[in-house]
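Engineer: Pasted the sequence and its predicted model underneath.
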Amino acid sequence: MNLTPDALQLGTLVLAWERLAVLFAFGTWLGLSHFRHAGTAALVTRVTARLTAALPHWSELAPTIPERLLTVLDVRAGSWSWPVGVAAGLVYLLMRLRQWPPTLPRSLLLTVTAAAFP
């Protein structure tokens, strides 16, 4: 194991800090939020954050539409627009849940902390 300013290296596996933060934040969210629609809200957040970041470069991504979509949804591709993604996830939860679960504020706080930690 080797810690560098840019990444965590585990043998041949190299995880950039921002990608490790994404994995850590989603793991925290899914581990703490034990209420309906939490997994779907995480998916909405991830897809929206990636799509929002990739749309300005849509024509440069790949020659065909299916290849572009796969490139956009690839977690390894990099750039994310987290404020837009988190807002979309919260709007999704607002539409689906009749009342806020008591564990939601704690889950949100710890997820944001996990994402910002690295």
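Structural biologist: It's in.
Engineer: the bottom helix or strand of the chain by mean pLDDT?
Structural biologist: Least confident element among the helices and strands of the chain, by mean pLDDT, DSSP states H and E: helix 58-61 (a mean of 70).
Engineer: Does anything pack onto the following helix or strand past it? Which helices or strands?
Structural biologist: Toward the C-terminal end, the helix or strand that comes next after helix 58-61 (DSSP states H and E) is helix 65-73. In terms of contacts (3 or more Cβ pairs under 8 Å, 6 or more residues apart in numbering; DSSP states H and E), helix 65-73 is packed against helix 38-54, helix 58-61. Where C-beta positions appear, they are placed from N, C-alpha and C, glycine not excepted.
Engineer: Quick check, pLDDT for the most centrally placed residue in the chain.
Structural biologist: By Cα atoms, centre = their mean, the chain has its centre lying nearest to Arg46, at 4.0 Å. We have a pLDDT of 86 for Arg46.
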